[in-house]
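Asker: Here's a sequence, model it:
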Amino acid sequence: MPKFINPPTVQTPGSRFSQGVLVGPVARRLIISGQVGARADGTIVEGLEKQTELVFDNIEAVLTAGDMKIADLVRLVIYCTVPGGAAAVREIRNRRLGGHAPASTVVQVAGLANPAYLVEIEGEAIREA
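Answerer: You can find the predicted model right below:
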């Protein structure tokens, strides 16, 4: 089981994430490419909140295909193009993770691969053997 680390000498996380994750020597690792707010047929949903919800649906689908679950996520990197949008994305992240707190970074960027994409999230999941 990964150990989630928040040392007392490092700033306490402002929302639900951990400063570090320690993983044992024997584990399966799943790297999740950046997921965007597009359905399987390529249609892009509108609005930051709807895209973020779909991104987490897509992440869960990749986890399931890799025989993993939300609790196996150890790292998320969130890219958001909406100024001030981090709070909404964090709220959805916290709710969708259900109390799980992987290492997490949120970055505001000028744009993504398609101008219609408002958020993209990549991740890493590890399940110890």
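Asker: Is the most centrally placed residue in the chain within a helix or a strand, and which one?
Answerer: In the chain, the residue lying closest to the centroid (C-alpha atoms, centre = their mean) is Leu76, at 3.7 Å. Using DSSP states H and E, Leu76 sits in strand 73-80.
Asker: any idea how far the closest residue to Gly123 other than its chain neighbours lies from Ile59?
Answerer: Nearest-residue entry for Gly123: Ile32, 4.1 Å, with adjacent residues in sequence omitted and distances by C-beta to C-beta, 6 or more residues apart in numbering. For glycine as for every other residue, the C-beta is placed from the backbone atoms N, C-alpha and C. Ile32 is 6 Å from Ile59, where distance means C-beta to C-beta, to the nearest Å.
Asker: what's the spacing between the helix or strand following the strand holding Leu76 and its chain's center?
Answerer: Per DSSP H and E, the first helix or strand lying C-terminal to strand 73-80 is helix 86-97. Centre-to-centre, helix 86-97 and its host chain are 9 Å apart (C-alpha atoms, centre = their mean, to the nearest Å).
Asker: what's the weakest-modelled helix or strand in the protein?
Answerer: strand 20-22 (a mean of 85; mean pLDDT, DSSP states H and E).
Asker: Show me what secondary structure element comes after it.
Answerer: Sequence-wise, the next helix or strand downstream of strand 20-22 (DSSP H and E) is strand 27-36.
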